[in-house]
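Chemist: Whatever this is, show me its structure:
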Amino acid sequence: MGREQWKKIWVGSAGNMVEWFDWFVYATFAVYFADSFFPEGNETANLMNTMGIFAVGFFMRPVGGWLLGRIGDRKGRKAALTLTVTLMSASAVLIAIAPTYDVAGYGGVAVLMLARLLQGLSVGGEYAASATYLTEASAPEKRGFASSFQYVSMTAGQLVGLGLQIVLQRNMSEAALHSWGWRIPFVVGALGAGIVFYLRRSMLETEVYADSGTAEQQDRGTLKVLWQHRREAFLVMALTMGGTVAYYTYTTYLTKFLSKSAGMEKSTASLVSFCALFVFMCVQPLAGMLSDRIGRRPLLITFAIGSTFLTVPIMTMLKHADTFWPALGLALLALLVITGYTSINACVKAELFPTGIRALGVGLSYAVANALFGGTAEYVALWFKNAGAESGFYWYVAGCAAVSLVVYMTMRETRDIDLNRVAAVQKGETAPAAGATSVTPAS
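Modeler: Residues are numbered from 1 along each chain as shown. Model (predicted):
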């Protein structure tokens, strides 16, 4: 992989890290600010309300996937990536200055809601642009490896958020964190987004996009063209279902589960998540490299089988793992299983679409699946807990993985698809389906 390719991956990943830092700190610090925006009452109910607003951000992601995916296909990946980080910076500032219930009543909730809507718009476009950018920026035989850096940077953003949480927990009182300390990570996120905005303004466009004949394709990035690839769009939604539910269960929800259900100290639960996510981050490129050798489907199938049959026992044991090492071991097992999905899902989705519709096809389809399953995962978990049937959530996660397993078993391999499939779209025709014999294999 050449120097220019590494530069593209670095700039794309750095921005993605800040995007997801801002997205995840809402979830990781929710336990501290949940009571600030609602009247005093049931702690679990307040957390459910706060995570309900978190879920609302996911329902804005399809809009972001459509709007910014369209921009990415028509104006370039660079333009979309620059806009996403601008929106994320604005949302972080809004949360940092949001008034509490004691100051403005439900006015603070309105500010929080607006910020989450902006975050949803931003992240919906970020996934589309970064998935296509990282996939297109790499050599054909290294796409799995390069695209794995999407989850490396996503996880790095979450690790920075968790690391900051651990530092604040050890240097601030519980009262101070609940009072004003939770605002600190949102200030940090806004500053980080400003730095990334500067970096992305000077980033290079991918050769695949630059050579795709932008001027001649007036209908690129439109829903009309996407409809011609509806089979691939529905495939993206189906293969995302199990992966996104499992991912959010063992990342953003894990700390809450360990503290609220297993009875672990918040600081210990945060440390478990931090250590598990660090190992998880490090193995992503290794799994991506493996997919470049053996294909994408074997990794996806391994993930789905593991999640289908191991979720219930892992979650059951985690509920009784009230000390560091048992909890860490179980979390690592779960995250290693999920690696089969996270390490390659970006390139698999990008490989399904031709250049002129790639960002929109990936972004909108993925965002819809996340709105329905990823964004609601924590709310569903808390609903089961509040209803006194917490184990029902374990079966829900396993069931979603089982559905995706059927998809993985029947879908075609995408590793050898040529990303330069633009001629058919330029002529207004339907490009060959993923894995079709008319697709030129990558050299």
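
Chemist: what about stretch 346-362, distance to the chain center?
Modeler: 16 Å (C-alpha atoms, centre = their mean, to the nearest Å).

Chemist: typo on my end, it should be stretch 273-280
Modeler: 16 Å.

Chemist: So for that stretch, what gets flagged as buried?
Modeler: The neighbour-count criterion (16 or more other C-beta atoms under 10 Å) identifies 273-277, 280 as the buried residues of stretch 273-280. From N, CA and C alone the C-beta is placed, and that goes for glycine too.

Chemist: Stretch 87-106 now?
Modeler: Quick answer for stretch 87-106 (16+ other C-beta under 10 Å): 87-89, 91-96, 98-101.

Chemist: which of these lies closest to residue 338?
Modeler: Closest approach between the buried residues of stretch 87-106 and residue 338, by C-beta to C-beta: residue 88, at 24.5 Å.

Chemist: Isn't that closest one up against residue 193?
Modeler: Yes. In this structure residue 88 lies within contact range of residue 193 using C-beta atoms under 8 Å: 5.2 Å.

Chemist: picking up where we left off before, can you redo the buried residues of stretch 273-280 as JSON lines with pLDDT and secondary structure?
Modeler: Output for the buried residues of stretch 273-280, formatted as JSON lines (pLDDT from 0 to 100; DSSP: H, G, I helix; E, B strand; the rest coil):
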{"residue": "273", "pLDDT": "91", "secondary structure": "helix"}
{"residue": "274", "pLDDT": "90", "secondary structure": "helix"}
{"residue": "275", "pLDDT": "94", "secondary structure": "helix"}
{"residue": "276", "pLDDT": "96", "secondary structure": "helix"}
{"residue": "277", "pLDDT": "93", "secondary structure": "helix"}
{"residue": "280", "pLDDT": "97", "secondary structure": "helix"}
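
Chemist: Name the residues that touch whichever helix or strand residue 178 is part of?
Modeler: Secondary structure from DSSP states H and E places residue 178 in helix 174-179. Here helix 174-179 makes contact (C-beta atoms under 8 Å, 6 or more residues apart in numbering) with 32-33, 35-36, 168-169.

Chemist: Can you add distance to residue 311 and pLDDT and give those back as a markdown table?
Modeler: Converted to a markdown table, these look like this (distance: C-beta to C-beta, whole Å; pLDDT from 0 to 100):
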| residue | distance to residue 311 | pLDDT |
| --- | --- | --- |
| 32 | 28 | 86 |
| 33 | 30 | 84 |
| 35 | 31 | 79 |
| 36 | 33 | 82 |
| 168 | 31 | 92 |
| 169 | 29 | 86 |
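
Chemist: Going by neighbour count, which of those residues comes out on top?
Modeler: residue 33 (24 neighbours; other C-beta atoms under 10 Å).

Chemist: which residues sit in contact with the residue nearest to that one when sequence neighbours are not counted?
Modeler: Nearest non-adjacent residue to residue 33, counting by C-beta to C-beta, 6 or more residues apart in numbering: residue 182, 4.4 Å away. Residue 182 makes contact with 29, 32-33, 36, according to C-beta under 8 Å, 6+ apart.
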